[in-house]
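>>> Below: sequence and its predicted model.
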Amino acid sequence: MTERRSKRPKITRGEDDYMPGNITEIELHNFMTFSKLTCKPGSRLNLVIGPNGAGKSSLVCAIALGLGGEPQLLGRASSIGAFVKRGEESGYVKISLRGETKEDQLTIVRKIDTRNKSEWIFNGKAVPKKNVTDIIQRFNIQVNNLTQFLPQDRVCEFAKLTPVQLLEETEKAVGDPRLPVQHVDLISKSEEMKKSERTVKSGRETLDQLKEVNSQLERDVERLRQREHLLAQAESMKKKLPWLKYDAKKAEFLEAKGQEKDAKMKLDEAAENLNELMEPIEEKKQEKAERDAKCKKLNGLLGEKANKRMKLLDQDSRLVYCQSFTKIMILIISFSSILFNFYFFSMI
């Protein structure tokens, strides 16, 4: 059976039970409540306890400020001069760290004054703060990490950390500096993966839309091909139409020509029959003309006689008229004479 691998790297301690970077001694001078204090914590220091007023906060603040922290980190004062003991003008914090070996001791001194000035001394030599920060980072000391260093005044802030923030701070405190970088890289890759998934999803949706559009276009193309095919057929038929009309007219012409030939033959036959029938008709016409001439001559004679007779009748009519007129005039004159006599006697 294979041995289960440890999830955390094994902590290696020296013969003195100290690890590289452990605090071996803390010395305070005119710092907060202490005028002079020397403290030698054990190799496994991870908690500072004591009764109220014992100076726990002073010791914790000294550790934070002596290892490169700033006053804002502690949540007590905003300036470094506020940590000088009341009534004094300056003070210092001296912290000794175990090096890679038991004999290797590193000493960091931070001098402070009421003018808010700090001076850094490393192994007896004045150095810039950056040199001290580099040494502290080499031992993965993180006084600004609440999972590694938790001042009393920041407990509430620690309780408000989200699970993600706790994980990030814990990774920083574990000791492997690659963990936070790997975590950030994982977050970045996770975001990239989500972005890629969204891109893929969007691409699939776009692909589905394009497939639908392509399907529609294929149907449109097929309809366009059918239209072009029909247009080509129509154009071909349009070109054939005159020839079809010509063939139809030619067929009609040939049929009409045949009918004309048949009709001509029938006409010739009818003409022959007509000639045969016209001979007796012409004879009858000749006879009729002769009779008409005789009738005309007879009518002329009858007309002359009628005219003579009419003249005689006219003379008789005139004579009768004159006689009638004379009688009428006589009657009128007689009647007038009677009326005159009547009127004359009535006047008398």
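Now that the structure is in, tell me what you want to look at. Residues are numbered from 1 along each chain as shown.

>>> When you work out contacts or count neighbours from here on, use the C-alpha atoms and nothing else.
Fine.

>>> remind me, longest helix of this protein?
If each helix of the chain is counted by residues according to DSSP state H, the longest one is helix 178-347.

>>> by contact count, what packs against that helix?
For helix 178-347, the packing partners by 3 or more CA pairs under 8 Å, 6 or more residues apart in numbering; DSSP states H and E come out as helix 163-174.

>>> Could you pull up the mean pLDDT of the helix it packs on?
For helix 163-174, the mean pLDDT works out to 66.

>>> Make sure I have this right: I108 is in a helix.
No: the assignment for I108 (DSSP: H, G, I helix; E, B strand; the rest coil) gives strand, which keeps it out of a helix.

>>> ok, now which ones touch it?
Neighbour list for I108: 66-67, 94-96, 120-123, 132 [criterion: CA atoms under 8 Å, 6 or more residues apart in numbering].

>>> Filter these down to just the ones in strands.
Among the contacts of I108, DSSP state E puts 94-96, 120-122 in strands.

>>> biggest separation within those residues, which pair?
Using CA to CA, the two most remote members of these are S96 and W120, lying 13.5 Å apart.

>>> coming back round to it: buried members of the contacts of I108 into PyMOL, please.
Applying 16 or more other CA atoms under 10 Å to those, the buried members can be selected in PyMOL as follows:
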select buried, resi 66+67+94+95+96+120+121+122+132
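
>>> Closest one of the contacts of I108 to P280?
Nearest member of the contacts of I108 to P280, counting by CA to CA, is V132, at 160.8 Å.

>>> re the thing from before, show me which of the ones in strands among the contacts of I108 is closest to L106.
Nearest to L106 among those: S96, at 5.5 Å, using CA to CA.

>>> Next up, the contacts around the nearest residue to that closest one once chain neighbours are set aside.
Of all residues not flanking S96 in the chain, T107 sits nearest, at 4.4 Å (CA to CA, 6 or more residues apart in numbering). By CA under 8 Å, 6+ apart, the contact set of T107 is 94-97, 122-124.

>>> quick one: low-confidence parts of the stretch 1-150 of the chain?
Within the stretch 1-150 of the chain, the stretches with pLDDT under 70 are 1-11, 14, 146-150.

>>> At which residues are the helices of it located?
With helices called from DSSP state H, counting those that start in this stretch, the stretch 1-150 of the chain shows them at 56-66, 71-74, 129-138.

>>> Out of these, which is closest to K305?
With distances scored as CA to CA, the stretch of the helices of the stretch 1-150 of the chain nearest to K305 is helix 71-74 (171.3 Å).

>>> other SSEs contacting that closest one?
Using 3+ CA pairs under 8 Å, 6+ apart as the contact test, the elements touching helix 71-74 are helix 56-66.

>>> Just want the angle from the helix it packs on to helix 129-138.
Interaxial angle, helix 56-66 versus helix 129-138 (axes from the mean of the first three to the mean of the last three CA atoms, to 10 degrees): 110 degrees.

>>> Which strands or helices does helix 56-66 pack on?
Counting by 3+ CA pairs under 8 Å, 6+ apart, helix 56-66 packs on strand 23-31, helix 71-74, strand 90-98, strand 105-113.
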